[in-house]
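**Student:** predicted model follows, preceded by the sequence.
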Amino acid sequence: MANIGALLSQVQALDIRTTDDIRQAIFLLELANGCIRLIVGQTTLNETTRTILLAQSARIDFLIAETRRQASRLSGPDETGRKADAENRLGGSQ
């Protein structure tokens, strides 16, 4: 669980300015989400913990989809103007 938190912290710490930054954020989010799904699938959890982890996974799925949608709009040298919006989308991932 600590590793998942560390991955999500890395996403929050990213200085998102370019599509490459967004790709890195998506990679980290997908990695964290994969870890959550492995934990849920491979361990015995109480129902509350399972529900919390599945909700977190759903939130990460949403963030990935939203980030991809935002990334598709980025183009040209004005990517920095969209930095705050991308950071706001990713910032609530924990």
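**Tutor:** Received, thanks. Note that the structure is predicted; figures quoted are calculated from it, not measured.

**Student:** work out which residue lies at the spatial centre of the protein.
**Tutor:** Note on the chain: the residue nearest the mean C-alpha position is Leu29, at 3.3 Å, using CA atoms, centre = their mean.

**Student:** how close does that one sit to Thr44?
**Tutor:** 26 Å (CB to CB, to the nearest Å). In short, each C-beta sits where N, CA and C put it, glycine included.

**Student:** the strand or helix carrying Phe27 - what's its average pLDDT?
**Tutor:** Assigned by DSSP states H and E, Phe27 belongs to helix 19-42. In this model, helix 19-42 carries a mean pLDDT of 89.

**Student:** next, the buried residues of the longest helix seen in the chain.
**Tutor:** Longest helix of the chain, by residue count under DSSP state H: helix 47-73. Using 16 or more other CB atoms under 10 Å as the test for burial, helix 47-73 gives Leu53, Gln56, Ser57, Ile60, Leu63, Ile64, Thr67, Gln70, Ala71.

**Student:** quick check: the first one touching Cys35?
**Tutor:** Which is Leu53. No. If you go by CB atoms under 8 Å, Leu53 and Cys35 don't touch, sitting 9.9 Å apart.

**Student:** what sits against Met1?
**Tutor:** Neighbouring residues of Met1 by CB atoms under 8 Å, 6 or more residues apart in numbering: Ile39.
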